[in-house]
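Peer 1: my questions concern the predicted model and sequence given below.
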Number of protein chains: 4
Amino acid sequence: MSPPEGLPPMQYRYLGRSGLQVSALALGGWLTYGGHVENENTFACMKAAYDVGINFFDCAETYAGGESEKVMGEAIKKFGWKRNDIVVSTKIYWGVANGDNRVNNVGLSRKHIIEGTKLALERLQLDYVDLIYAHRSDRNTPMEEIVRAFNHLIDTGKAFYWGTSEWDADEIASAWRVADRLGLIGPVMEQPNYSMIVRDKVEKEFIHLYESTGLGLTTFSPLGMGILTGKYNDGIPADSRLGAAKDGFVTSWRENNVGNAEWEKKIAIVRNLKPIADKLGVSQATLALAWVLRNKNVSSAITGASRPEQIYESLAALGCVEKLTPEVVKEIDEVLGNKPAEMVRRY
Amino acid sequence: MSPPEGLPPMQYRYLGRSGLQVSALALGGWLTYGGHVENENTFACMKAAYDVGINFFDCAETYAGGESEKVMGEAIKKFGWKRNDIVVSTKIYWGVANGDNRVNNVGLSRKHIIEGTKLALERLQLDYVDLIYAHRSDRNTPMEEIVRAFNHLIDTGKAFYWGTSEWDADEIASAWRVADRLGLIGPVMEQPNYSMIVRDKVEKEFIHLYESTGLGLTTFSPLGMGILTGKYNDGIPADSRLGAAKDGFVTSWRENNVGNAEWEKKIAIVRNLKPIADKLGVSQATLALAWVLRNKNVSSAITGASRPEQIYESLAALGCVEKLTPEVVKEIDEVLGNKPAEMVRRY
Amino acid sequence: MSPPEGLPPMQYRYLGRSGLQVSALALGGWLTYGGHVENENTFACMKAAYDVGINFFDCAETYAGGESEKVMGEAIKKFGWKRNDIVVSTKIYWGVANGDNRVNNVGLSRKHIIEGTKLALERLQLDYVDLIYAHRSDRNTPMEEIVRAFNHLIDTGKAFYWGTSEWDADEIASAWRVADRLGLIGPVMEQPNYSMIVRDKVEKEFIHLYESTGLGLTTFSPLGMGILTGKYNDGIPADSRLGAAKDGFVTSWRENNVGNAEWEKKIAIVRNLKPIADKLGVSQATLALAWVLRNKNVSSAITGASRPEQIYESLAALGCVEKLTPEVVKEIDEVLGNKPAEMVRRY
Amino acid sequence: MSPPEGLPPMQYRYLGRSGLQVSALALGGWLTYGGHVENENTFACMKAAYDVGINFFDCAETYAGGESEKVMGEAIKKFGWKRNDIVVSTKIYWGVANGDNRVNNVGLSRKHIIEGTKLALERLQLDYVDLIYAHRSDRNTPMEEIVRAFNHLIDTGKAFYWGTSEWDADEIASAWRVADRLGLIGPVMEQPNYSMIVRDKVEKEFIHLYESTGLGLTTFSPLGMGILTGKYNDGIPADSRLGAAKDGFVTSWRENNVGNAEWEKKIAIVRNLKPIADKLGVSQATLALAWVLRNKNVSSAITGASRPEQIYESLAALGCVEKLTPEVVKEIDEVLGNKPAEMVRRY
């Protein structure tokens, strides 16, 4: 299957202040690969992504209990991609795939960071990943132990850069403080949830880190679990991901979120975004993804895909970014009603 | 052999301030494995320990002249345990198993730390241990040489954490001072003798180290060479370890300790503890072990076992800890008569 | 083919303040090896160079798209030279040979420095190079990332020394500042363009670096792309490199340089140097190369060669250096009219 | 061949302030092994040394052009000695065995230190040496480059300790200053020439280094090229080493030393020492060696041996040390007439 004609070219952005360039769109293995998407489908999506210029493939030891890493590794091998042409990541915290789930397979102890990465690389069939993330913070492990262990991975050639996922700003700043004191490398990137409906961390909490540490963002859930596409505006279709899920994360997310007051409030907002999308001549999904990409602190927006078409569609957002003029952005902010107040620097 | 029903669940504790979790009870190879316990028996004990949730297996290069490491390594291999599910330790100081006992096989020279660990790993059939201990302090080797050599083991992937055994508080503090100056890793844990009848080091000497360095303890001899079980209250039974020993450490220990005034004083104390154990409805052994576990600075209490039943029995102590109310603890202290005075912080 | 009799002996110079000695003349693979010079010819040139005492062979990942490294590696293997008898270099920046030219194959990200070097060593069939250069500066990558990555190569045994090529003085000073702060190794050598007609960087911009950082120079283009040989004094011969080039770097250089006012000015200068060469009894090429070698900050002047004779000819320059008395140097400077004013040290 | 009865037991001394213990007598490969002593003889000497408790075997890349390392390595393998039971050293500076003697095979560049050690280990058939020496100082290589390269050897497991040979006190102090600034390991031991007739460096120049850096000494030439044995008191016997030498170092040493005024002065002194040796009931050789061993800063005195008997004889010196009372030492000093004045500490 060939990409349709007329797609905008891929953009590449530096990962924060580092010298690494990642495609503005990344393909992620969360909720899809190794899980409900059949392997042949995963291969097709990865090939489509590579062919349109996506170079960043995101994974985690916990995705589908390790199966996401396995199928991604298979695809890389199958297509014979040169290692230097792609940026592969994984994340360490929940080592569900690594053992019998005994105590030290979860968290950021030196033991789990090193053992978990070793096992992840075996599943990926790679000698190293480009990016290794601490998938969550672990307040029970000293920051010095965490910083040292990720530097050990870099020093022993298992990764080029390390970062965090869903850490608080003070935790990231603390990691840099430890790294600076010891002459070690601090976290280069953070992977937060970021979309029109989840924006406080990226636009307020992290705001001083971009300048002080050069933090780059690889964001996930640009479409807010699908709600920003507008496909749930009139209820949950039975064949949608939320509608079809039988168990696992999506099912419990549905039970905790869909239908309550918060959900209805979000649906109302999404409905009000439709006229803006229509005016720009794009789908609501394209508008939502373009809105994420308009943020210069976002190095890469990670999207999932269960069909190649979804990858081609997401490319449209790159072409839409320039349509987000200050006036349009202001109009969107008024609908969203959640723009954080400007931060004042006090120190 | 299956564990009996109704055993309390295993508890896991952080090893001091580190991010590693060890089972509150550990299985140790001292005096047993590779020595007078037959290998099949060792295998049975290790399996029983693993099955009740013990994840920490403690050894040393000197135990049974290296045979303890060999049989532990055999067991790990035989049962196919995942490396990330267990915490394995060894200790370096007396390299009796390593050579012809020429000078550099004892002590903490860089040569012996590195060579001894290499040989220990070969006996264990492992690529690394989780914990590596300096089995004693060595005042003839500069602290900087010791700290550097243990960091070399960590940097080259031979161990995740290093610690000490039977070091004095000033030696541990000195190791941290050297480590801090050089930006290296200090000792995370200490392995002291700790029981109702040996408590000064843990409860007095180390008291400031817990906060200043995050020191964790893996303690040994919780039953005071058996005396706290009450089994010697009426003399030394011929089939007990003390009674049956024909040579080696136990025999010489017996000669130096059993029957003298100090011994009789201890026996009197143990007899006076019996009413308390009876009141709580537990054996004296359970009371003694629970008393060790009640100390929050104890990350893991190492016990030996020559039969699986002993492991099941030790688990009872975990259920007994909550019975040690402040009133009971006070009552025990009055019988013991050895509670250290509170330390005053002067600097 | 044996070298002619009467050649002056090779000279060896320390590479800046380092302990490494390089031959004052080096053989470079730029524009020649792996490109338009046939492999057998390359082998002959390398053997001739080795036989007259040249120990430094210079290459880059980008030369001839990786073919220069391959043919140099073949030659080293073919002649069975001992690894410790030669100094081999390569340069990392343009990884054109490494992939499909996707984004991270160019520049000085940690990813490209490490991956590019790995692939260069494979092409060279070597475990390590002696010298590894950053082939250009990369203002988009933090200096700390660059300095750390080159130190990683040294720490992991992939190179002995690192340096720069065509960096500005402030960039080199900045690299040293970062290295000093982190206790790492700074760049030992710089590879600039240096000849009678290109001298500002070497004689003015870098002037304080020689003393403050011990910078050594391995210079290229001593003959100014051939113009200083005098062979273009009467037009471009059809069988010269400039005349024969059909495509690639030389062709575009010709289009941008030959025939314009700047070119005519240079030709006029070269014509005026002829009487000086005649007076010294040497060719213009010999004079130009000797003039480069007279500079004590030049550790090695890299020359290309497409025939062994060219190597023998370049040796004559070594014998000519002593003829460059202060009076002759002054006379040359008057013809060149480009001697930089003396730098005043202000800090 | 078994050692004769009644030999004094070997003594072990710490190597300076390090934790390594070396036998007070060491066996050295200089002038003997790989050279004029046949291999079978070398094997016999090494076995005799090991059997009397010598654990330190000293070598250098330059001894017999690399052949000393080869034959020592063969002996270690042949006798199946455990690696941890012996202390093996080599020295890097003159890499005559490593190549065609081109420039970088001599000196202390990072290139030669790393390449030379790699080749020495291959000749020794060992993974590492215990001690690696800089065989001379190299004022043309920055001290930082030297210190970093020896630390690289230690960090990569090629050696446990590094030291110097025939360095000046200020050079050793400078190495420690660099090491301290960079948090690296400084030189633990120095190998000087030390005997009754060469004592200034050990007894005066180095005097403050013993305390400030913990410097240990492994000394060579305790018998002053044989002169202190008294065997040249009546001329040079034809079958002595000095008499029999046909070429190489010994021949040129003979030409430069034997027979001149300085020689005759030494012979006179040696004749005057004879009555003292007679009074103590030992040979002059034993007296001379015991006099070296009486110095507590000497960790090990290296002696050569071309026959096992020489090793047994040297052991006698260990038994003689206690006979060197203050009165005897004073008497010797009066004969020698070269006791350095006491150093005054000025800083």
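Peer 2: Received it, and whenever you're ready, just let me know what you need. Numbers count the residues shown, from 1 in each chain, chains lettered A, B, ... in the order given.

Peer 1: check what pLDDT the residue nearest the centre of chain A gets.
Peer 2: Note on chain A: the residue nearest the mean C-alpha position is A:F220, at 3.2 Å, using Cα atoms, centre = their mean. On the pLDDT scale, A:F220 is placed at 97.

Peer 1: does it touch A:G28 like I think?
Peer 2: Yes: A:F220 lies in contact with A:G28 (Cβ atoms under 8 Å); the separation is 6.4 Å. Heads up, the C-betas are built off the backbone N, CA and C, glycines and all.

Peer 1: need the residues touching each of those two.
Peer 2: Taking Cβ atoms under 8 Å, 6 or more residues apart in numbering or on different chains as the contact rule, A:F220 and A:G28 both touch A:I302.

Peer 1: A:E262 sits in which helix or strand?
Peer 2: helix A:261-280 (DSSP states H and E).

Peer 1: now do the next helix or strand after that helix: which elements does it pack against?
Peer 2: Per DSSP H and E, the first helix or strand lying C-terminal to helix A:261-280 is helix A:284-293. Under the contact criterion of 3 or more Cβ pairs under 8 Å, 6 or more residues apart in numbering or on different chains; DSSP states H and E, helix A:284-293 touches helix A:261-280, strand A:298-303, helix A:308-320.

Peer 1: ok, now with 10 Å
Peer 2: Using 3 or more Cβ pairs under 10 Å, 6 or more residues apart in numbering or on different chains; DSSP states H and E, the elements in contact with helix A:284-293 are strand A:25-28, strand A:216-219, helix A:261-280, strand A:298-303, helix A:308-320, helix A:326-336.

Peer 1: rewinding a little: check contacts around the residue nearest to the centre of chain A.
Peer 2: Taking Cβ atoms under 10 Å, 6 or more residues apart in numbering or on different chains, we find A:F220 in contact with A:26, A:28, A:30-31, A:58, A:165-166, A:191-195, A:198, A:292, A:300-304.

Peer 1: can you give me the distance of the closest residue to chain C within the stretch 201-347 of chain A to chain B?
Peer 2: Evaluated by Cβ to the nearest Cβ, the stretch 201-347 of chain A has A:G214 as its residue closest to chain C, separated by 7.0 Å. Going from A:G214 to chain B by Cβ to the nearest Cβ, to the nearest Å gives 23 Å.

Peer 1: do I have it right that that residue meets A:G186?
Peer 2: Yes: with contact defined as Cβ atoms under 10 Å, A:G214 and A:G186 form a contacting pair (8.9 Å).

Peer 1: point me to the residue of chain A nearest chain C.
Peer 2: A:G19 (2.8 Å).

Peer 1: and that residue, how many neighbours?
Peer 2: Number of residues near A:G19 (other Cβ atoms under 10 Å in any protein chain shown) recorded here: 25.

Peer 1: for it, what are phi and psi?
Peer 2: phi -90, psi 0 (degrees, to the nearest 10).

Peer 1: just want the angle from the helix holding A:E262 to helix A:284-293.
Peer 2: Interaxial angle, helix A:261-280 versus helix A:284-293 (axes from the mean of the first three to the mean of the last three Cα atoms, to 10 degrees): 90 degrees.

Peer 1: output the contacting helices and strands for helix A:261-280.
Peer 2: Using 3+ Cβ pairs under 10 Å, 6+ apart, helix A:261-280 sits against helix A:248-257, helix A:284-293, helix A:326-336.

Peer 1: buried ones in the last one?
Peer 2: Residues A:V328, A:E331, A:I332, A:V335, A:L336 are the ones in helix A:326-336 that count as buried (16 or more other Cβ atoms under 10 Å in any protein chain shown).

Peer 1: need the max-distance pair from those.
Peer 2: The distance between the two most remote of these (Cβ to Cβ) is 12.4 Å, for A:V328 and A:L336.

Peer 1: okay, and the common contacts of the two?
Peer 2: Common neighbours of A:V328 and A:L336 are listed as A:W291 (criterion: Cβ under 10 Å, 6+ apart).

Peer 1: how about the helices in the stretch 51-200 of chain A?
Peer 2: For the stretch 51-200 of chain A, helices defined by DSSP state H, counting those that start in this stretch occupy the ranges A:67-79, A:110-124, A:143-155, A:169-182, A:200.

Peer 1: looking at the ones you listed, which is buried most?
Peer 2: A comparison of these by mean neighbour count, using mean count of other Cβ atoms under 10 Å in any protein chain shown, puts helix A:110-124 on top with a mean of 24.

Peer 1: look up the closest residue to A:F150, ignoring the ones flanking it.
Peer 2: Among residues not flanking A:F150 along the chain, A:W162 sits closest, at 3.9 Å (Cβ to Cβ, 6 or more residues apart in numbering or on different chains).

Peer 1: residue contacts, A:I302?
Peer 2: By Cβ under 10 Å, 6+ apart, the contact set of A:I302 is A:22, A:25-30, A:56-58, A:89, A:191, A:194, A:218-222, A:292.

Peer 1: how about a cut-off of 7 Å?
Peer 2: A:A26, A:G28, A:D58, A:T218, A:T219, A:F220 (Cβ atoms under 7 Å, 6 or more residues apart in numbering or on different chains).

Peer 1: got it, and A:I54?
Peer 2: A:I54 touches A:M10, A:S23, A:L25, A:A26, A:L27, counting by Cβ under 7 Å, 6+ apart.

Peer 1: burial measure for the last one, as a count.
Peer 2: Number of residues near A:L27 (other Cβ under 10 Å) recorded here: 28.

Peer 1: unless I'm mixing things up, it is touching A:A305, no?
Peer 2: Yes: the pair A:L27 and A:A305 passes the contact test of Cβ atoms under 7 Å, sitting 6.3 Å apart.

Peer 1: between those two, which contacts overlap?
Peer 2: A:C45.

Peer 1: neighbours around A:C59, how many?
Peer 2: 30.

Peer 1: ugh, wrong one, A:W30
Peer 2: 21.

Peer 1: so it, which state does it fall into?
Peer 2: Following DSSP: H, G, I helix; E, B strand; the rest coil, we place A:W30 in the coil state.

Peer 1: what distance do you get for the residue nearest to it when sequence neighbours are not counted to chain D?
Peer 2: The shortest distance from A:W30 to any non-neighbouring residue, by Cβ to Cβ, 6+ apart, is to A:Y63 (5.5 Å). Distance, A:Y63 to chain D, by Cβ to the nearest Cβ: 37 Å.
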